[in-house]
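K.L.:
Here is a sequence together with a model predicted from it:
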Amino acid sequence: MTSLLGESKSLLSEKKVQVVFVLGGPGSGKGTQCANIVQHFGYTHLSAGDLLRAETRSGSENGAMIQNMMNEGKIVPSEMTIKLLERAMLESGNDKFLIDGFPRNEENRAAFERVTQIEPEFILFFDCPEEEMERRLLSRNQGREDDNIETIRKRFKAFVESSISVVEYYNSKGKLRKIDAGKPVDEVFESVKAVFSATKEKTHNK
Ligand SMILES: Nc1ncnc2c1ncn2[C@@H]1O[C@H](COP(=O)(O)OP(=O)(O)OP(=O)(O)O)[C@@H](O)[C@H]1O
Ligand SMILES: Nc1ccn([C@@H]2O[C@H](COP(=O)(O)O)[C@@H](O)[C@H]2O)c(=O)n1
Ligand SMILES: [Mg+2]
């Protein structure tokens, strides 16, 4: 795979950027907590799902295919998602990113590393019981077509079958920061803050 601009090397590999991957099951609270992190720690939040949804609305040639895959809870080929992430990162003007809902499988992980040559600082993992995630998704009311019980079950299955192995991979590299996400929003954010404050402290003392 080549980069956004069809070059063998991504323009991002020449920039000094910091990336935190934000992972967790559907409805674990990734988007909610990312909004809080942005306010406190100056990151730009990029949700892979939001970028894909915007692409389906843009009328692009891949839009209909992406829409069908999302309605089935399937993981879209890395080439498309990485292109959207690369473009959003380059356009943002920032150098610190929370990448939410990515990498979703081994293919996502390996392709991002190969194309951008970016190694994430750490992985924030929201660990939440499935019954709680299901309750949250069914009462989210944001008009998402995939928030229906049939697709929610497919998304849970994809998370267990494809995404957990990515979480385990980063755990084995000592990069995982696991958060108990089954608690109320403010309590979850206290744990999140502790992770980012510790990282800031470490960087400051270097
Ligand atoms: N800690 C929490 N306690 C109760 N409700 C929460 C909590 N965190 C988020 N929510 C609510 O749960 C719903 C899902 O949250 P959010 O959209 O942040 O999850 P997500 O992980 O980004 O989901 P998805 O993977 O589907 O994008 C939202 O309605 C949100 O307001
Ligand atoms: N790396 C990704 C991320 C998401 N998708 C597709 O988008 C759907 C919604 O994702 P959310 O993170 O917003 O819940 C997801 O179910 C996938 O269909 C993807 O393909 N690849
Ligand atoms: Mg989300």
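P.N.:
Perfect, I can see it now. Ligands and ions are numbered 1, 2, ... in the order given.
K.L.:
C-alpha from now on. contacts and neighbour counts both.
P.N.:
Noted.
K.L.:
Counting neighbours, what do you get for the residue nearest to Gln33 when sequence neighbours are not counted?
P.N.:
Spatial nearest neighbour of Gln33, chain neighbours left out: Phe189 (6.5 Å); criterion: C-alpha to C-alpha, 6 or more residues apart in numbering. Neighbourhood size, Phe189 [other C-alpha atoms under 10 Å]: 19.
K.L.:
Roughly how far does Phe189 sit from Glu106?
P.N.:
Distance, Phe189 to Glu106, using C-alpha to C-alpha, to the nearest Å: 28 Å.
K.L.:
same deal with Leu137?
P.N.:
From Leu137 to Glu106 the distance is 25 Å (C-alpha to C-alpha).
K.L.:
So for those two, which sits in the more crowded spot?
P.N.:
Taking neighbours as other C-alpha under 10 Å, Leu137 and Glu106 compare with Leu137 leading, 20 against 17.
K.L.:
pLDDT value on the residue nearest to that one when sequence neighbours are not counted, please?
P.N.:
Leaving aside its sequence neighbours, Leu137 sits nearest to Gly27 (C-alpha to C-alpha, 6+ apart; 5.5 Å). pLDDT recorded at Gly27 is 98.
K.L.:
Is Gly27 located within a strand, as I assumed?
P.N.:
No. Looking at Gly27 with DSSP: H, G, I helix; E, B strand; the rest coil, it is coil, so not inside a strand.
K.L.:
which SS class is Ala198?
P.N.:
helix.
K.L.:
can you count the residues close to it?
P.N.:
Neighbours of Ala198 under the rule other C-alpha under 10 Å: 11.
K.L.:
Number the residues from 25 up from this point.
P.N.:
Fine by me, first position is 25 from now on; the one you just mentioned is Ala222.
K.L.:
From ligand 1, how far out is it?
P.N.:
Ala222 sits 22 Å away from ligand 1, going by C-alpha to the nearest ligand atom, to the nearest Å.
K.L.:
Likewise for Leu75?
P.N.:
In terms of C-alpha to the nearest ligand atom, Leu75 sits 11 Å off from ligand 1.
K.L.:
Ok, Asn132 next?
P.N.:
From Asn132 to ligand 1 the distance is 16 Å (C-alpha to the nearest ligand atom).
K.L.:
nearest spatial neighbour of that residue, skipping sequence neighbours?
P.N.:
Ser102 is the one closest to Asn132 (C-alpha to C-alpha, 6+ apart), at 5.1 Å.
K.L.:
How about the residues of this protein by ligand 2?
P.N.:
Within reach of ligand 2 by C-alpha under 6 Å from any ligand atom, the chain has these residues: 50, 72-74, 93-94, 97-100, 125-128, 179.
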